[in-house]
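Novice: return atomic coordinates for the entry below.
(chains A and B)
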Amino acid sequence: MSEFRSFIREEYLSLLVMVLFSSLSFLLFLVPIWGIFSFVLSITLSTFFLFQYHKEKNKRQKELSCLCFFSSFIHQISNQKGSKESYDNSCKYLLGYQEVIPYETLLENPSCPYSLHGFSSGFVYCLTKDKENEAHLLNYHFLMKKADTAIETDDSFLKVNQKELIITQSSFLFFMIIVAFCFAYFPNIRQFLNTYYYLIAQCLTIGLVFPTLYMAFWLSLRGRKHV
Amino acid sequence: MFDKFKAKIAEHKSSKKLQKSLQISQLLSVILGGIIGFLVSILTKNFAFFVIILSSSLVISQLLSPYNRNDKELTQLLEKKRIVLSFYDSFLLFSSLTSSFQEGFNQAVSELEISDLKDSLVQYQENSLKGDLPLIITNTRIENDISVSFLALLHDTEEASQTDIDEFNSLLGKYQKEDDTQPSSSLLNYLPWILIFSFLFAVLGFYLTGNV
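Specialist: The predicted model follows:
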């Protein structure tokens, strides 16, 4: 339930645009029942795919926060700060995304409870070396460079993806306003389209535009490879 | 002989050229479907044909995608490559941390999950790094370059310098790009536009031909 609430809170703009788009479909039909069918189809499927997109985006943001944590951790150790101090300072990136495990617990049994993917083994190795008081003898240069590149790439991808979604949604809404205007200005189009075949095709077309849009964005996020 | 032939086929399948041509054929099938659908719907004066033909061409275009085909050989090959690549990554990571390629190699082998590759690498370690390197799968040029560079680092380099690490990393980057398995979502992104444009063109077509 809390996830759904955060979905509404964070994606309200997308939801608003989607509802507006779906509502405009009422203007395209002479018989309101077809408008209702198209509206319900669009709203139901769009909400489902937008929710999936939202979940995937949150997962990616969580992974990004873990990467920021790791990068900050090794940067600080490399700058000769104490391992525990570096860890505690870096945990600020995890707040709100992931439960923070105390450093002592991790040091006792070196493991990686965070979504670090390709960097997990490096993190565990750092902990193992710290247990032997040798963490400061390691050379972190390559690891820092790699982590920073991964953060930069992931961050820009997420931003571009979100920006693209907003632009595409807005252009669809703009497009729909023009179409609705045309249908209102030339009422004979609606009369012409008032046959069974046309109504089904029109209903499916309008009802599936936003769901396919959200599905495409969800899949593009899901298909992205980890570092 | 047969293994070489299979490797060549697999290499060809994962080549960029083939992926590009598949993407073009996917797009062409959608455009062709749209045109045929439009013409048929004009001739039969039935818009339903337009949607049916366009949808069929979309399905065909998705079937053309190599990621939607159940190609066991290619999947196995890509999985093997992924494991080898993750081993190289891990080797580089530990080598940079310890500033020693030999130690990096030992650590990367010990970090590997129990598998045939791990057994072969342990055996390679026990043979004092002599014999065939068990990290070659397709025998491509880039793979050979990597193995030559890897052996040079392992045998001849005492200390892991930043330049060596960066050079090897850039080779790995090329190797990774060679079998980029990320499914193309570009066609999917156009799907809503295709839907809305097809609908509008059909309406416009009927309107202009005086069917209204």
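Novice: which positions within stretch A:160-169 qualify as buried?
Specialist: A:161, A:165, A:168-169 (16 or more other C-beta atoms under 10 Å in any protein chain shown). (Glycine included, C-beta is placed from N, CA and C.)
Novice: again but with stretch A:85-97, I slipped
Specialist: Neighbour count says stretch A:85-97 has A:86-87, A:89-91, A:93-94, A:97 buried, by 16+ other C-beta under 10 Å.
Novice: quick one: end-to-end length of it, please.
Specialist: Taking C-alpha to C-alpha, to the nearest Å, stretch A:85-97 runs 20 Å from one end to the other.
Novice: can you list the neighbours in contact with it?
Specialist: Stretch A:85-97 is contacted from outside by A:61-62, A:65-66, A:68-70, A:72-73, A:76-77, A:81, A:100, A:103, A:106, A:114, using C-beta atoms under 8 Å, 6 or more residues apart in numbering or on different chains.
Novice: over to stretch A:63-79?
Specialist: So stretch A:63-79 is contacted by A:83, A:85-87, A:89-91, A:93-94, A:96-98, A:114-117, A:119, A:123, A:126, A:135-136, A:140-141, A:143-144, A:147-148, A:150-151, A:154-155, A:158, A:226-227 (C-beta under 8 Å, 6+ apart).
Novice: domains of chain B?
Specialist: Per automatic domain parsing, the domain ranges recorded for chain B read B:14-67+B:183-208, B:78-178.
Novice: residue B:84 and residue A:159, how far apart?
Specialist: Noted for residue B:84: a distance of 33 Å to residue A:159, by C-beta to C-beta, to the nearest Å.
Novice: for the buried residues of stretch A:160-169, which one is nearest chain B?
Specialist: residue A:168 (7.7 Å; C-beta to the nearest C-beta).
Novice: number of nearby residues for residue A:147?
Specialist: The tally of other residues near residue A:147 (other C-beta atoms under 10 Å in any protein chain shown) stands at 25.
Novice: my bad, should have said residue A:117
Specialist: Residue A:117, neighbours per other C-beta under 10 Å, totals 15.
Novice: again with the one 5 residues further on
Specialist: Residues near residue A:122, counting by other C-beta under 10 Å, number 26.
Novice: continuing past the helix or strand hosting it, what's the next helix or strand?
Specialist: Using DSSP states H and E, residue A:122 sits within helix A:120-131. Sequence-wise, the next helix or strand downstream of helix A:120-131 (DSSP H and E) is helix A:141-185.
Novice: so what's residue B:44 up against?
Specialist: So residue B:44 contacts nothing (C-beta under 8 Å, 6+ apart).
Novice: quick one: pLDDT of residue 109?
Specialist: No chain in the question, so chain A it is. Predicted confidence (pLDDT) for residue A:109: 85.
Novice: oops, I was thinking of chain B
Specialist: Confidence score, pLDDT, at residue B:109: 87.
Novice: repeat that for the one 3 residues further on.
Specialist: Reading off the confidence values, residue B:112 has pLDDT 83.
Novice: so it touches residue B:88, yeah?
Specialist: No. Using C-beta atoms under 8 Å, residue B:112 makes no contact with residue B:88, being 11.5 Å away.
Novice: looking at these two, which is more packed in?
Specialist: Neighbours of residue B:112 and residue B:88, each counted by other C-beta under 10 Å, are more numerous for residue B:88; the result is 21 against 17.
Novice: that one and residue B:146 touch, don't they?
Specialist: Yes. Using C-beta under 8 Å, residue B:88 is in contact with residue B:146, at 7.1 Å.
Novice: common neighbours of the two, please.
Specialist: With C-beta under 8 Å, 6+ apart as the test, residue B:88 and residue B:146 both reach B:135, B:168, B:172, B:175.
Novice: hmm, back to that, between residue B:84 and residue A:159, which has more neighbouring residues?
Specialist: residue B:84 (18 against 10).
Novice: next SSE after the helix or strand hosting the more buried one?
Specialist: Using DSSP H and E, the element containing residue B:84 is helix B:72-98. Using DSSP H and E, the helix or strand that directly follows helix B:72-98 along the chain is helix B:101-111.
Novice: anything in that next one near chain A?
Specialist: Yes. For helix B:101-111, a contact with chain A is found by C-beta under 8 Å from any C-beta of the partner chain, at B:107, B:111.
Novice: mind giving me the packing neighbours of that helix?
Specialist: helix B:72-98, helix B:116-126, helix B:141-156 (3 or more C-beta pairs under 8 Å, 6 or more residues apart in numbering or on different chains; DSSP states H and E).
Novice: nearest to chain A, of those?
Specialist: That would be helix B:72-98 among these, by C-beta to the nearest C-beta, at 3.5 Å.
Novice: tell me what the closest one is packed against?
Specialist: helix A:120-131, helix A:141-185, helix B:2-13, helix B:101-111, helix B:116-126, helix B:141-156, helix B:162-178.
Novice: for residue A:12, find the nearest of those helices.
Specialist: helix A:141-185 (12.4 Å; C-beta to C-beta).
Novice: and the angle from the closest one to helix A:120-131?
Specialist: 140 degrees (axes from the mean of the first three to the mean of the last three C-alpha atoms, to 10 degrees).
Novice: continuing past helix A:141-185, what's the next helix or strand?
Specialist: Defined by DSSP H and E, the subsequent element after helix A:141-185 is helix A:187-192.
Novice: buried residues in that next one?
Specialist: A:189-190, A:192.
Novice: equivalent analysis for stretch B:135-142, please.
Specialist: For stretch B:135-142, by 16+ other C-beta under 10 Å, it's B:135, B:137-138, B:140.
Novice: adding pLDDT, write these out as CSV.
Specialist: Output for the buried residues of stretch B:135-142, formatted as CSV (pLDDT from 0 to 100):
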residue, pLDDT
B:135, 80
B:137, 79
B:138, 75
B:140, 80
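Novice: let's have the buried residues of stretch A:160-169 in CSV, adding distance to residue A:17.
Specialist: Compiled in CSV, these are given as follows (distance: C-beta to C-beta, whole Å):
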residue, distance to residue A:17
A:161, 16
A:165, 10
A:168, 10
A:169, 5
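Novice: kindly reformat the residues you listed as CSV containing distance to chain B and pLDDT.
Specialist: Formatted as CSV, those follow (distance: C-beta to the nearest C-beta, whole Å; pLDDT from 0 to 100):
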residue, distance to chain B, pLDDT
A:161, 11, 88
A:165, 10, 88
A:168, 8, 86
A:169, 10, 88
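Novice: and the residues you listed, which is closest to residue A:44?
Specialist: Using C-beta to C-beta, those come closest to residue A:44 at residue A:169, 17.5 Å.
Novice: residue B:34 is in contact with residue B:56, correct?
Specialist: No. Proximity of residue B:56 to residue B:34 does not meet the contact threshold set by C-beta under 8 Å, at 11.1 Å.
Novice: those two: who's more crowded?
Specialist: Between residue B:56 and residue B:34, counted using other C-beta under 10 Å, residue B:34 has the larger neighbour count: 20 against 14.
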